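J.: just to be clear, the model below is a prediction. Sequence and coordinates:
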Amino acid sequence: MMRIISTVAEAQSLSRRNARALVPTMGALHKAHRELIRVARQHAGRHGEVVVSIFVNPLQFEPGSDYERYPRPERADQEFCEEAGVDLLFRPSVTELYVEDRSVFVDESVLSATLEGKARPGHFRGVCTVVTKLFNVLAPAVFGEKDFQQLAIVRRMVRDLNFNLEIIAVPTLREEDGLAYSSRNQYLTLEERAQASVLYKGVRAAAGLGKKSAADVIAVARKVINEAPLARIDYVELVDAETLQPVEIVGLNSVLLVAVYFGKTRLIDNIQLG
Ligand code: PAF
């Protein structure tokens, strides 16, 4: 039976004799989370523990963004976890996880300055701070590759701060038309949803070009995405997968990242090239 806890004290008092793997989430669970849970089970083993945390982390929402309206379907999320065979669900409140006079944050300063970090100031400081806390309270964790920059930054943090844990990456899970699963997809209108697969079509078309210049690859992705009348590109960038710095030519370690608005909804996707 799945155990549900909501305090740090409870989480830390649980025995950790068995292997554990954590799937950190902000809830509104969907198929891609199920895939993360499946991979977490592989890592924890049959007798190990799969933990899911659900916490809509206020620290990673920039002012004026969707913190208030972010979906919080508590009951459905709980049932989802039960059905997926999760052993432990950690659902803390904001006041449980953040004391009011907190003054220590985890701030990655280089990779976070680009791409999503540029568009969403403070976002990765919020992510690094909360995942550090979750690692300390619970266990090592599984992350999806859809949030490519987040994964790179968490790996950098683990490296630079000598966290004694493994970060497990899981390939992006997609709907039939190629749209990456995301809790924010539910904000899309029917018309926007019908066009949203252009993110994946764009990056796929660019990947099909082979070892071209960044300018060519970016131009192709932009052209395909712009074919959707409701799409408004925020960025299309070709970067090195580790440093996240722009590269001129597609190389072995290149990744193409895109962020596109449909109305107020901002979608991201990426593809590894080379
Ligand atoms: O990717 C997410 O859902 C969040 O950024 C995470 C890792 C759960 C931290 O709040």
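T.: Okay, I see it.

J.: which non-adjacent residue is nearest residue 227?
T.: Excluding its sequence neighbours, the residue lying closest to residue 227 (C-beta to C-beta, 6 or more residues apart in numbering) is residue 198, at 6.5 Å. For glycine as for every other residue, the C-beta is placed from the backbone atoms N, C-alpha and C.

J.: now that neighbour: phi and psi?
T.: Taking degrees, to the nearest 10, you get phi -60, psi -20 for the backbone angles of residue 198.

J.: make sure it is actually in contact with residue 224.
T.: Yes - taking C-beta atoms under 8 Å as the definition, residue 198 is a contact partner of residue 224 at 6.1 Å.

J.: what distance do you get for residue 150 to residue 120?
T.: Distance of residue 150 to residue 120, computed by C-beta to C-beta, to the nearest Å: 11 Å.

J.: more neighbours, those two?
T.: residue 150 (23 against 18; other C-beta atoms under 10 Å).

J.: so what's that one up against?
T.: Residue 150 makes contact with 116, 124, 127, 143, according to C-beta atoms under 8 Å, 6 or more residues apart in numbering.

J.: how about those residues, which pair is most distant?
T.: Longest distance between any two of those is 14.2 Å, between 116 and 143; criterion C-beta to C-beta.

J.: near the ligand, which residues of this protein are found?
T.: Counting by C-beta under 6 Å from any ligand atom, the chain comes close to the ligand at 24-26, 57, 60, 127, 130-131, 147, 150.

J.: rerun at 5 Å
T.: Within the chain, the positions near the ligand by C-beta under 5 Å from any ligand atom are 24, 26, 57, 127, 130.

J.: among those residues, which two are most distant?
T.: Greatest spatial distance among these (C-beta to C-beta): 26 and 127, at 10.4 Å.

J.: which neighbours do the two share?
T.: Listed as contacting both residue 26 and residue 127 by C-beta under 8 Å, 6+ apart are residue 57.

J.: out of these two, which sits in the busier spot?
T.: Each of residue 26 and residue 127 has its neighbours counted (other C-beta under 10 Å); residue 127 has more, 26 against 17.

J.: next, the residue nearest to that one when sequence neighbours are not counted: phi, psi?
T.: Using C-beta to C-beta, 6+ apart and skipping residues adjacent in sequence, the residue nearest residue 127 is residue 60, 5.0 Å away. Here is the backbone geometry of residue 60 (degrees, to the nearest 10): phi -100, psi 10.

J.: need the contact list for residue 60.
T.: Per C-beta under 8 Å, 6+ apart, neighbours of residue 60: 122-127, 130.

J.: one more time with 10 Å, if that's ok
T.: Contacts of residue 60 were listed using C-beta atoms under 10 Å, 6 or more residues apart in numbering, and they are 26, 67, 120, 122-131, 150.

J.: ok, residue 17 next?
T.: Counting by C-beta under 10 Å, 6+ apart, residue 17 touches 47-49.

J.: any chance of those in TSV, plus distance to residue 177 and pLDDT?
T.: Output for these, formatted as TSV (distance: C-beta to C-beta, whole Å; pLDDT from 0 to 100):
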residue	distance to residue 177	pLDDT
47	39	91
48	35	93
49	36	95
